[in-house]
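[1] the following comprises the amino acid sequence and a computationally predicted model.
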Amino acid sequence: MNNSMIKYGLIGIAGILAPIVFANFQVQLGFLWLMILFALTWDTQGGQMGYNSFGNILFFGLGMYVCAMVQVGLVYDVGVYTAAAGLDSGKLNGEQYLTGLALGMGAAAVVGVAVAALIGSGILGLRGHYFAIGTLGLGIAFGEIFAGWDYVGAGSGLAPPPFPDELDFLGGRNLFFYYIFFALAVIAFFTLKKIYASRFGLALNAIRDDEDKAEAMGLRTVRIKTISWCVSAFFLALAGGPLGMLVGFIDPRETAFAGVTFGIWMVLMAILGGKGTIWGPVIGAAIFHVTQEFFWSFLLGWQRVAMGVLIVVIVVFFPRGIMGWLRDTWPDRFGEKVDESVPQEGAAQ
Amino acid sequence: MSTPMLEITGVSKAFGGVIANEDISINVPEGSITGLIGPNGSGKTTLFNSVVGYHPIDAGTIKFEGQEISKLRVPEIARLGMLRTFQQTRIYGEMDCVKNMLISMPHRDESLMNIFTNFPPEATEKAESLLEFVGLFSKRYLLAGELSFGQQKLLEFAMALMNEPKILLLDEPTAGINPTLINGIIDRLKRANEQLGITLFVIEHNMRVIMNLAEHIYCLAHGQLLADGPPEELQDNQLVIDAYLGAH
């Protein structure tokens, strides 16, 4: 057992036990893992690749809608279902619910990756601010499309089927979805950790540091950028469906394509923890989420002001985030040091 | 002198009304070190940019190992085995030297599957031996952005070698470097040419360097090819002297 295995083991045990010990906080804890997933997947573009995306939320929203549509669509006609919103007709039994959820999440992942590949090969040709603005527009556009589409309830939203009572043996809706988010975040963490260490990860960093140089060295930059977006889209689309079902109501602009909340938070959390590191987004998301819950509980009415002050303090005093600050302060702890065992060569001073 | 590795024929390039290159023809034989000199603004870097596909050319042909490449884009040309270094040295500043080297591995045979694999141990060994070759081994775990300008030049050169190019286009490899280090760079360029068999095509302002290094030199002025020949010959060429010193 080395140090990192102990660390992962403790976090894993805490993650499994937390919703049982703190049973009143199951929803908030579920959201914590979702926030970690948000920050991690945003950092793939924003931190590792240097492309500040404000539109990653679109894959989340898309996944949420696709998943709910599949789950409903397997039993009812989606158009009739949404038109009859509020009626008690939309009940699914346990088997229908779970099958719909599984198939829905699968379909959401496929659609999310396909859309990322399709849009990505185009919009990832933009750089810097142009890319940021372009993706911001994309996120809003998708929200408006779904807010105008009657089949899925348009602006009045879509209420996914309620969690069936017969599935209560799973621990209830909140606990069930908590473990889904926990699993997704953990899988995303290790997947990203693995690919950041591969050729692909270094290629992302190379694009971040100097994309023209990377092209001049023969890197297939368009392909790499598109794949990176597909990876993020995959996890975001998977997470969308469960969130819609946990919340119980999908509002196109507030829940699904929630650019001003989730969409901005994922950026803030990654920056807070430290862009371009694997632990940064995790730490940033944890601090952000806990602080936010704290502000909502104790500073109600001023919670957004307090959040704003926190963000300003972070940007001013820790411009490179917590991990970035640690790295700047103790670079040798991160392996950035001169190898003293080698005789210094005079030529290269 | 064997077959030309790089054959530039009648290349012209204008930016609006400014003619940067006009009807330029240059041959770079395989295994040679060929120089390109000329006063500031004479179109040397533009020619490099044209050759590596940075912008389209207006007229002429560019052939690399007999293949027409003037319509290809930068990464495609790089994967064929023609690399360039930049006048303003470009390295990946937030990555350490070893990572800079690893990501510079050749990308020719890269497929969708193997980009997610890790680097083989041979790659790390090669990266470290090349870093040793340019004298940066002890600094291999420092961020490249923290190196001095001269060290970054050496790193960029090592990265180019890591890519196993057939021909290397060097844009002022000794600009902004102290005289002691310049000798080290000349020596390493020569060794790369002799031992690794890499053809070099070098832009250089420092006459001492280019006279020492190149076997054949082309001189540009005002976007046109002024003269070419072996270093000794070009040194005494009145046209070249006039271009540099300004004759009327």
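    Perfect, thanks for sending it.

[2] rest of the way, CA atoms for contacts and neighbours
    OK.

[3] any idea which helix or strand in chain A has the lowest mean pLDDT?
    helix A:78-83 (a mean of 79; mean pLDDT, DSSP states H and E).

[4] assign the most centrally placed residue in chain A to helix, strand or coil.
    Central residue of chain A (CA atoms, centre = their mean): residue A:38, 1.9 Å from the mean position. At residue A:38 the chain is in helix, as set by DSSP: H, G, I helix; E, B strand; the rest coil.

[5] who's in contact with the closest residue in space to it that isn't next to it in sequence?
    Spatial nearest neighbour of residue A:38, chain neighbours left out: residue A:266 (5.3 Å); criterion: CA to CA, 6 or more residues apart in numbering or on different chains. Residues in contact with residue A:266 (CA atoms under 8 Å, 6 or more residues apart in numbering or on different chains) are A:35, A:38, A:39, A:42, A:285.

[6] how many neighbours does the residue in the stretch 1-150 of chain A positioned nearest to chain B have?
    Using CA to the nearest CA, the closest approach of the stretch 1-150 of chain A to chain B is made by residue A:48 at 10.5 Å. Using other CA atoms under 10 Å in any protein chain shown, residue A:48 has 24 other residues around it.

[7] I figured it hits residue A:200, correct?
    No. Shown here, residue A:48 and residue A:200 do not form a contact pair, counting by CA atoms under 8 Å, at 10.6 Å.

[8] isn't there a helix covering residue B:192?
    Yes. Assessed by three-state DSSP, residue B:192 belongs to a helix.

[9] touching, it and residue B:185? I think so.
    No. The criterion here is CA under 8 Å, and residue B:192 misses it with residue B:185 at 10.4 Å.

[10] quick one: which of the two has more around it?
    Ranked by neighbour count (other CA under 10 Å), residue B:192 and residue B:185 place residue B:185 first, with 23 against 17.

[11] which helices and strands sit right next to the lengthiest helix in chain A?
    If each helix of chain A is counted by residues according to DSSP state H, the longest one is helix A:94-123. Contacts defined by 3 or more CA pairs under 8 Å, 6 or more residues apart in numbering or on different chains; DSSP states H and E place helix A:94-123 against helix A:57-73, helix A:128-147, helix A:221-247.

[12] give me the buried positions along it.
    Within helix A:94-123, the residues that count as buried by 16 or more other CA atoms under 10 Å in any protein chain shown are A:96-98, A:100-113, A:115-117, A:120-121, A:123.

[13] same check on stretch A:166-177?
    A:167, A:173, A:174, A:175, A:176, A:177.

[14] tell me the one of these nearest chain B?
    After measuring those against chain B - CA to the nearest CA - the closest member comes out as residue A:177, at 30.5 Å.

[15] the closest one should be in a helix, yeah?
    Yes. Residue A:177: assigned to a helix according to three-state DSSP.

[16] now the residue of the stretch 1-150 of chain A closest to chain B: closest residue in space that isn't a chain neighbour?
    Nearest residue to residue A:48, sequence neighbours excluded (CA to CA, 6+ apart): residue A:276, at 4.5 Å.

[17] helix or strand for the one you found, which one?
    Using DSSP states H and E, residue A:276 is not contained in any helix or strand.
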